[in-house]
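Novice: What would the 3D arrangement of this be:
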Amino acid sequence: MTSPEKHNRMANAIRFLAMDAVEKANSGHPGLPMGAADVATVLFSRYLKFDPKNPLWADRDRFVLSAGHGSMLLYSLLYLTGYEDMTIEDIKQFRQLGSKTAGHPEYGHASGIETTTGPLGQGIANAVGMAIAERKLATEFGADLQNHHTYVLVGDGCLMEGISQEAIAMAGHLKLNKLVVFWDDNKITIDGAVSLSDSTDQIARFKSVHWNTIEVDGHNPDEIAAAIEASHKSDRPTFIACRTIIGFGAPNKQGTHKVHGNPLGAEEIAAARKALNWESEAFAIPADVLDAWRLSGLRSTKARKEWEERLAATASEKRAEFVRRFAGDLPGGFDSAIDAFKKKVAANNPTVATRKASEDVLEVINGLLPETFGGSADLTPSNNTKTSQMTSITPTDFSGRYMHYGIREHATAAAMNGIALHGGLIPYSGGFLIFSDYCRPSVRLAALMGIRVVHVWTHDSIGVGEDGPTHQPVEHVASLRAIPNLMLFRPADETETAECWQIALNEKHRPSCLALTRQNLMPVRLEYEEKNLCAQGAYELVSSSDAKVSIFASGSEVEIAVKAAQALEAKGIATRVVSVPCVELFFEQSDDYREAIIGHSPVKIAVEAAVRQGWDAFIGNDGAFIGMKSFGASGPAKELYKHFGITVEAVVAAAEAKL
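Specialist: Residues are numbered from 1 along each chain as shown. Here you go, the predicted model:
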């Protein structure tokens with residue numbers, strides 16, 4: 001049991017590191033770290049299972065700072081508890097270019113940062129994914145290897161963002177009882193009092209989605225400790241409302257919006273030192289306080305060693321599988337299985353929609369990779385994401401591998417990030433490409449973090465047909481290609497679909513999206529080729545020496561390009577076709593390869609049932625583009641292609657006009 005005086009001094013260490021770092025940077029958010037310091041001190045010094053010397057211990061508790069603007073809370077804790085890659089110099093470099101201590105916590109910058117947070121609400125939804133992963137892996141490998149909690153600190157902003165409702169409803173439904181959310185209930189936002197914009201009864205809200213709820217004084221360590229202990233006995237997730245004072249300890253500014261996102265100023269910091277009886281100068285932590293914190297960091301060493309002994313005593317095959325999965329390595333035989341699938345496809349050359357092609361590939365993948373964790377945002381029959389190996393996860397049975405996320409695209413994408421970050425599983429999930437808009441902030445964060453998440457987005461163009469323009473993506477492919485470090489695949493047939501899946505799963509440090517058709521497509525890769533041609537991003541599908549016309553296309557429009565080339569060749573016009581399944585990968589190839597693929601044909605044409613944006617890099621400003629200039633319309637797909645002029649005839653006419 002920590003004495004009240006010792007607790008206060010430990011919490012004040014967080015407060016002063018936060019206010020001093022923000023002051024030195026002349027930028028940042030001191031209010032949350034100062035207000036939430038008591039909650040964090042109780043959690044980290046008494047309950048959190050973690051080992052700063054082994055930060056990637058697979059059975060550590062996960063702590064997510066959903067209110068990422070309060071990043072100095074996390075950085076202070078990492079330094080105080082003894083993470084070797086978080087020094088006092090790093091704290092002094094807060095918010096400086098190239099430092100580990102970025103304005104908002106960034107995954108990969110330093111050990112102990114479990115996820116990148118800042119866009120509010122993302123963290124709580126990531127945490128739901130982490131809790132799903134823990135429960136799934138505990139079911140698979142047993143409580144000896146996976147038995148830990150996920151703790152999250154949220155602010156008012158996280159709870160106002162719509163994604164939080166999707167996330168907490170999912171967690172409550174699934175009875176994720178090892179998920180504990182602390183609400184920093186300080187009644188303040190940037191504009192002023194929360195009451196300016198919100199009057200939600202958060203306790204009633206969480207109760208309504210089947211959470212255990214507890215209210216405490218966020219500055220009373222005994223109440224906080226009792227709430228954490230109660231959460232450990234709950235059969236459902238727990239929401240702990242911690243009534244706090246933002247900027248606690250700053251005598252003139254605490255409890256006001258002035259401490260939210262601005263440095264306190266030298267005068268107020270001096271007053272806080274006096275008020276909290278803190279005599280140390282900036283960035284200096286008294287030896288007794290630092291010792292107490294460092295001992296807290298060693299608290300779980302015994303538990304970690306016992307866990308390692310249990311892992312060592314596990315049957316060799318199971319142990320090897322566990323270690324492989326957490327290393328993120330694919331099992332041997334994956335590439336050869338895809339290769340065998342390609343041979344089989346080349347023997348039959350089926351005419352199928354790429355969503356069906358994806359299902360066929362997944363049948364092979366899910367049979368070989370026990371770590372794939374499938375799902376859909378209530379579009380399973382449309383996305384074709386559930387294969388024969390997959391049974392549905394339910395609140396009482398996590399033995400399956402398929403999650404019904406419900407109509408919650410945003411939280412689905414964020415939970416998938418959390419599942420990937422947790423380790424041990426590779427999440428993929430289905431949706432309609434049009435609703436990638438609902439996922440975009442989470443997809444962007446997956447790309448920023450560099451994590452392996454796969455989105456299976458079907459119904460990728462006006463080929464959707466009768467559902468009309470509300471459901472027909474037009475600008476989405478271009479907008480997704482604009483996200484750095486994201487691979488957007490638009491395969492043209494079953495062989496390309498297999499290759500795209502192969503690339504997505506082999507890439508540990510990038511998320512992928514597969515844009516797939518509803519409509520059937522003619523096969524374009526008719527012969528088996530051992531090499532993964534899609535890995536080059538674009539490749540010559542139909543070659544022609546001294547071609548007068550080069551046609552570039554992706555996905556469903558490659559078929560149109562091939563037929564147009566045949567028609568032009570019949571007229572004596574030499575034409576080549578380039579399939580472009582992944583623009584991002586193409587622009588990562590060598591200069592020589594790119595120049596050879598773009599070529600020197602006098603006429604260059606791009607065909608894609610989407611907007612032109614991005615294609616000028618292939619065809620130049622004076623190239624012809626056959627695609628969409630407006631929203632779509634409701635009608636049968638074949639009629640829509642004619643109506644919008646995305647046809648073989650239109651490509652031939654464009655080529656002849658240019659010649």
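Novice: So what touches the one helix or strand Val364 maps to?
Specialist: Taking DSSP states H and E as the definition, Val364 sits inside helix 354-368. With contact meaning Cβ atoms under 8 Å, 6 or more residues apart in numbering, helix 354-368 is reached by 331, 333-334, 337-338, 341, 350, 352, 372, 374, 382-385, 387-390, 401, 456, 458-459, 491-494, 496-498, 501, 505, 514, 516-518, 521, 555-556. C-beta coordinates here come from the backbone N, C-alpha and C atoms, glycine included.
Novice: Pull out the buried residues from that helix.
Specialist: Judged by neighbour count using 16 or more other Cβ atoms under 10 Å, the buried positions of helix 354-368 are 354-362, 364-366, 368.
Novice: Ok, stretch 227-237 next?
Specialist: Ala227, Ile228, Ser231, Ser234, Arg236, Pro237.
Novice: so which of these comes closest to Leu78?
Specialist: Ile228 (20.2 Å; Cβ to Cβ).
Novice: packing partners for the one helix or strand that closest one maps to?
Specialist: Secondary structure from DSSP H and E places Ile228 in helix 221-231. Judged by 3 or more Cβ pairs under 8 Å, 6 or more residues apart in numbering; DSSP states H and E, the packing partners of helix 221-231 are helix 31-42, strand 212-217, strand 238-243.
Novice: Direction included, what does the last one pair up with?
Specialist: The reference is to strand 238-243. strand 179-185 (parallel), strand 212-217 (parallel) (DSSP bridges).
Novice: next one: the shortest one to chain centre, how far?
Specialist: Between the centre of strand 212-217 and the centre of its host chain there is 30 Å, according to Cα atoms, centre = their mean, to the nearest Å.
Novice: what comes into contact with that strand?
Specialist: By Cβ under 8 Å, 6+ apart, strand 212-217 touches 203, 206-207, 223-224, 226-227, 230-231, 234-243.
Novice: now the angle between helix 31-42 and that strand, please.
Specialist: 110 degrees (axes from the mean of the first three to the mean of the last three Cα atoms, to 10 degrees).
Novice: Run the angle between strand 212-217 and helix 221-231 for me.
Specialist: 170 degrees.
Novice: repeat for the first one
Specialist: Comparing the axes of strand 179-185 and helix 221-231 via the same axes, to 10 degrees yields an angle of 150 degrees.
Novice: What lies in contact with strand 179-185?
Specialist: Contacts for strand 179-185 (Cβ under 8 Å, 6+ apart): 32, 35-36, 39, 43, 67, 70, 124, 127-128, 131, 149-156, 159, 168, 171, 202, 218, 228, 231, 237-244.
Novice: Let's see that strand as CSV, backbone CA atoms only.
Specialist: What follows is strand 179-185, C-alpha atoms only, in CSV (Å, rounded to 0.1, in the frame of the first residue of the first chain):
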residue,chain,number,x,y,z
LEU,A,179,-11.3,-4.0,-21.1
VAL,A,180,-11.2,-1.1,-18.6
VAL,A,181,-11.8,2.5,-19.7
PHE,A,182,-10.9,5.4,-17.5
TRP,A,183,-12.8,8.6,-18.3
ASP,A,184,-10.9,11.8,-17.4
ASP,A,185,-14.1,13.6,-16.5
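Novice: in it, what counts as buried?
Specialist: Those would be Leu179, Val180, Val181, Phe182, Trp183, Asp184, Asp185, for strand 179-185 by 16+ other Cβ under 10 Å.
Novice: can you tell me how far the first one sits from Ser296?
Specialist: In this view, Leu179 and Ser296 are 23 Å apart by Cβ to Cβ, to the nearest Å.
Novice: what do you get for the fourth one?
Specialist: The gap separating Phe182 from Ser296 is 18 Å, by Cβ to Cβ.
Novice: now the second one
Specialist: The gap separating Val180 from Ser296 is 18 Å, by Cβ to Cβ.
Novice: Stretch 330-344: how far from the chain's middle?
Specialist: 27 Å.
Novice: Please list the residues outside it that contact it.
Specialist: Residues beyond stretch 330-344 that count as contacts (Cβ under 8 Å, 6+ apart) turn out to be 324, 360-361, 364-365, 368-369, 495, 498-499, 501-502, 505-506, 528-530.
Novice: and Phe435, which of the strands paired with strand 238-243 is closest to it?
Specialist: strand 179-185 (25.7 Å).
Novice: Leu533 reaches Tyr539, doesn't it?
Specialist: Yes - with contact defined as Cβ atoms under 8 Å, Leu533 counts as touching Tyr539 (4.5 Å).
Novice: Mind listing the shared neighbours of the two?
Specialist: What both Leu533 and Tyr539 touch, as defined by Cβ under 8 Å, 6+ apart, is the set Ser579.
Novice: Good, we can wrap up now.
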